[in-house]
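**Student:** The following block contains a protein sequence and its predicted model.
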Amino acid sequence: MNSYITGAVIRRLREQKGLTQAELAVKIDVSSKAVSKWETAKGLPDISLLEPLSQALGVSVLELLSGDAISNQNKAANLLRSRLYVCPICGNVIHTMGDAVISCCGMSLPALEAEEPDDSHRLTLEPVEDETFVALTHPMTKSHYISFLAYVATDRFQMVKLYPEGSAGCRFRFQGPGYLYCFCNRHGLMRQRVGWPTAPRDSKGSVPSGV
């Protein structure tokens with residue numbers, strides 16, 4: 001983890017929970033003086049206390065360390081609100097159905113922001129039996145390649161991992177309108193609509209945000 005909990009975070013979460021320093025101390029079996037020292041930056045809780053402290057404050061350990069409370073706004077579990085995270089160190093790809101605090105290889109990961117694909121990242125679609133072959137003309141060298149392709153609809157998420165010196169394409173079975181994602185190790189995440197009614201475009205040919 002690239003950061004540790006701060007006294008300001010402990011105090012804010014404690015007050016949000018409606019606890020006094022003494023009440024919090026009882027819950028995690030420490031003295032109220034210890035809690036006071038943490039909150040005034042005169043000491044830090046031992047790492048063994050992080051889990052009981054997070055439970056007492058009603059947050060996850062990652063929320064406790066980051067200082068950011070995660071509120072699940074995706075109660076309908078609509079996969080179109082999916083978020084993708086890629087670790088720049090090990091290449092791990094993580095999918096969530098909404099905002100989350102994600103870490104890998106000791107560092108916090110930001111959610112990737114998808115862009116409209118340019119010509120070199122635009123996907124072509126070709127029906128093959130009951131599936132669709134999705135591909136693009138793109139380098140697949142060890143230094144410049146497409147890491148994965150994904151298809152997301154309201155009720156499903158499909159991802160195919162690609163590798164350098166392999167093919168920049170795969171098959172998906174489409175089930176209604178959704179999005180195709182393409183991740184380039186140099187240019188980031190691209191998103192392309194599939195199966196939607198024709199959307200209005202602005203003078204530059206882009207789909208307005210929120211459409």
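**Tutor:** Everything's here; your move. Residues are numbered from 1 along each chain as shown.

**Student:** List the contacts of D130.
**Tutor:** Taking CB atoms under 8 Å, 6 or more residues apart in numbering, we find D130 in contact with R173. For the C-beta atoms, the positions are set from N, CA and C on the backbone; glycine is no exception.

**Student:** Repeat the analysis, applying 10 Å as the threshold.
**Tutor:** Neighbouring residues of D130 by CB atoms under 10 Å, 6 or more residues apart in numbering: R171, R173, F174.

**Student:** cool, and A135?
**Tutor:** Going by CB under 10 Å, 6+ apart, A135 touches L123, T124, L125, E126, I146, L149, S167, A168, G169, C170, R171.

**Student:** and with 7 Å instead?
**Tutor:** By CB atoms under 7 Å, 6 or more residues apart in numbering, the residues touching A135 are L123, T124, A168, G169.

**Student:** Please enumerate the strands of the chain.
**Tutor:** All strands of the chain, identified by DSSP state E, fall at 83-86, 93-96, 102-104, 107-109, 124-128, 131-135, 146-153, 156-161, 169-172, 178-184, 188-194.

**Student:** Packing partners of the helix or strand bottoming out on mean pLDDT in the chain?
**Tutor:** In the chain, no helix or strand scores lower on mean pLDDT, DSSP states H and E than helix 61-66, which sits at a mean of 78. Under the contact definition 3 or more CB pairs under 7 Å, 6 or more residues apart in numbering; DSSP states H and E, helix 61-66 sits against helix 50-57.

**Student:** neighbours around S143, how many?
**Tutor:** S143: 8 surrounding residues under other CB atoms under 10 Å.

**Student:** Check the gap between the residue nearest to R186 when sequence neighbours are not counted and Y85 for me.
**Tutor:** Distances taken as CB to CB, 6 or more residues apart in numbering place H144 nearest to R186, at 5.4 Å, with adjacent residues excluded. Separation of H144 from Y85 (CB to CB, to the nearest Å) stands at 21 Å.

**Student:** cool, G91 as well?
**Tutor:** Distance, G91 to Y85, using CB to CB: 11 Å.

**Student:** ok, the two, which is more surrounded?
**Tutor:** The residue with more neighbours, out of G91 and Y85, is Y85; 18 against 13, by other CB under 10 Å.

**Student:** Return the residues in contact with the more buried one.
**Tutor:** I94, I102, L109, A111, L112.

**Student:** pLDDT at the residue lying closest to the first one once chain neighbours are set aside, what is it?
**Tutor:** Setting aside the residues directly before and after it, I94 is nearest to Y85 in space (CB to CB, 6+ apart), at 4.3 Å. Per-residue confidence (pLDDT) for Y85: 93.
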